[in-house]
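[1] Predicted model, plus sequence, below.
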Amino acid sequence: MKRLLLATALAALSGAAFAQDVVRLGTEGAYPPYNFINDAGEVAGFEREFGDELCKRADLSCEWVTNEWDSIIPNLQSGNYDVIIAGMSITDEREEVIDFSQGYLRPASSAYLAASADADLMSGPVAAQTATIQAAFVAENGMQVVEYATPEETVAAVKNGEAVAVLADKDYLVPIAAESGGALVLLEKQESIGDGVGLGFRDSDDALREKFDAAIKSMKCDGTLDAMITKAEYFGPDTDLDWGDAGKEGC
Amino acid sequence: MFAACADPKAIDGLTWGLCYLTSAKHVDFYWSFLTVLLLLAITAPAALGMGFMGATAARSHIAPVSWLGKVYIWMVRGVPDIIFFLFFVIALDQAIEYLKNLAVCDGGVWPWQGLEFRVCPEAKVPLAKSSAFWHQAYGFMLAVVTFAIVFGAFVANVIFGAMQAVPRAQLETAEAYGMSRAQVFRRILVPQMWVYALPGLGNLWMILIKATPLLFLLGVKDIVYYARELGGSKTQAYEYPHGDWRLWYFLGLLVFYLVFTRVSEIGIGKLTARLSHGQATSGGEALRKAAA
């Protein structure tokens, strides 16, 4: 009886609901064109459109949740949401704690954004977002790394001279450089880091991962993914669409 | 919001500014001020209640109750707020889900599996299928409980001290009238201690106001979250592109907090004057002289 009462109380606490499966998609919401919060206060960007399409194909009803980047993996593990869809590169370190779907974006090249084209990357710290492949790359390659919690802050660090450059995904930096009026420029040097971008799942959630993998595959096969990636507002027509190993075989 | 705002890239000047400040995200920002005020309105009495119980327990003549009160005060006061906020909220959330897991999941397996915390979908609080409102309300509730416990410990310490400060002679007089221990507590000690507690409580109120940005740590989208989010520079991917305006947004928050704390100070000052009337304190004495 006690257990019944407790269950009733807790069920009431968790609110009224329907029976259909709901999958919660966790994203950062601060990294255009991958994902950002638009002026209507909603998640937008490439991953919004991509995620919604995946859910449609997998016949799931999905809810979007935003979470700070640096706690995005722990909060997946504690069950606050079920999928990470946040431009997360597939790396060995992350594979140890979560499972990835197949890649849905090719390894994006990372670029340096600095105040001048002849900035010396060894002359001072290079900014990167905490817990990103870029932060690890900077540290491993003998440069001094200074980490920030959000992408926004890494760019601000270059503007106010705290860092000589910021290393981030090129697609994030290109519009910033273009709209800075010459104050910020991309260096010619670029880096290729990571094994592509995938969805993150809990290790124990194989069934869910397989559903999403099948949906990604079907989007690759019928060309909708390529068409979505090359949209002008996302990654543009020049994007590398050579899918390699995780590509279109078996379509 | 307005018809003129349909295409933000085509407008400029005052219209642009007006449209910008009334965008859906800005409206969320304005609502978040209410979130903060609501948090204060619920947390302050809750913390006062926790503090009162803590202090009463700590003064108790029954040893275990007294230990309980003292350990509560000591533990919470001894841990940095930010650590408490990071640890306790996760612990509380998982504890609630663990209890529900025992009640509703078949078998009720041990949910802490390696790095993951795993309960059956029916045991999630709130359920995954609940609306976003319930998720936010649940996060807010966790925040209120945490704030109440943390600030309750400080309040308990202040009230404990205030109770000790009530002149022994007053309590003795009450005893001489034949009042029981409970009657002395209820009729003399509690009404008389407020004047001693008020400076400390006022101080805590100010600290509580200033601690509300911790909400952001708990995943509740408060004014600091929105100021940072709205102020960050926006490229053409957004409807209203602009540079790094965080300085202005934070300046707005600064003004908000300064006005709020100033108003609070005035309010606390008036309350102190009212409670000091006829008290055997220097504040009460000053009031008597001014009136004479």
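    Sure thing, it's come through.
[2] what ranges do the strands span in the chain?
    Defaulting to chain A. For chain A, the strands defined by DSSP state E cover A:22-27, A:30-31, A:35-37, A:43-44, A:61-66, A:83-84, A:99-100, A:109-114, A:126-129, A:145-148, A:165-169, A:185-192, A:200-201.
[3] Switch to chain B, please.
    B:112-113, B:116-117.
[4] on that earlier part again, so which of the strands of chain A gets nearest chain B?
    Closest approach to chain B among the strands of chain A is made by strand A:22-27 (4.0 Å; CB to the nearest CB). Every residue, glycine included, has its C-beta placed from N, CA and C.
[5] pull the CA atoms of the closest one into CSV?
    Extracted in CSV, the C-alpha atoms of strand A:22-27 (Å, rounded to 0.1, in the frame of the first residue of the first chain):
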residue,chain,number,x,y,z
VAL,A,22,9.4,10.1,-26.7
VAL,A,23,13.0,10.5,-27.4
ARG,A,24,14.8,13.5,-26.0
LEU,A,25,17.5,15.0,-28.2
GLY,A,26,20.2,17.0,-26.4
THR,A,27,22.1,19.7,-28.1
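[6] Quick one: list the elements packing against that strand.
    Under the contact criterion of 3 or more CB pairs under 8 Å, 6 or more residues apart in numbering or on different chains; DSSP states H and E, strand A:22-27 touches helix A:46-57, strand A:61-66, helix A:72-77, strand A:83-84.
[7] ok, back up a step: which of the strands of chain B sits most buried?
    Each of the strands of chain B was scored by mean neighbour count; the highest is strand B:116-117, a mean of 19, by mean count of other CB atoms under 10 Å in any protein chain shown.
[8] hmm, that one in reach of chain A?
    Yes. Using CB under 8 Å from any CB of the partner chain, we find that strand B:116-117 touches chain A at B:Glu116, B:Phe117.
[9] what does that strand rub up against?
    With CB atoms under 8 Å, 6 or more residues apart in numbering or on different chains as the contact definition, strand B:116-117 has outside contacts at A:Gln77, A:Ser78, A:Gly79, A:Arg202, A:Asp203, A:Ser204, B:Gln94, B:Glu97, B:Pro111.
[10] and with 6 Å instead?
    The contact list for strand B:116-117 (CB atoms under 6 Å, 6 or more residues apart in numbering or on different chains) reads A:Gln77, A:Ser78, A:Gly79, A:Arg202, B:Gln94, B:Pro111.
[11] What is the nearest of these to A:Ala117?
    Within those, the smallest distance to A:Ala117 is 42.6 Å, found for A:Gln77 (CB to CB).
[12] Nearest spatial neighbour of the closest one, chain-adjacent residues omitted?
    For A:Gln77, ignoring the flanking residues on the chain, the nearest one in space by CB to CB, 6 or more residues apart in numbering or on different chains is B:Glu116 at 4.6 Å.
[13] thinking A:Ala30 is in contact with A:Thr150, fair?
    Yes. Counting by CB atoms under 6 Å, A:Ala30 touches A:Thr150, with 5.4 Å between them.
[14] Pipe the contacts of strand B:116-117 into CSV and attach neighbour count per row.
    As requested, those are exported to CSV (neighbours: other CB atoms under 10 Å in any protein chain shown):
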residue, neighbour count
A:Gln77, 19
A:Ser78, 20
A:Gly79, 21
A:Arg202, 24
B:Gln94, 18
B:Pro111, 19
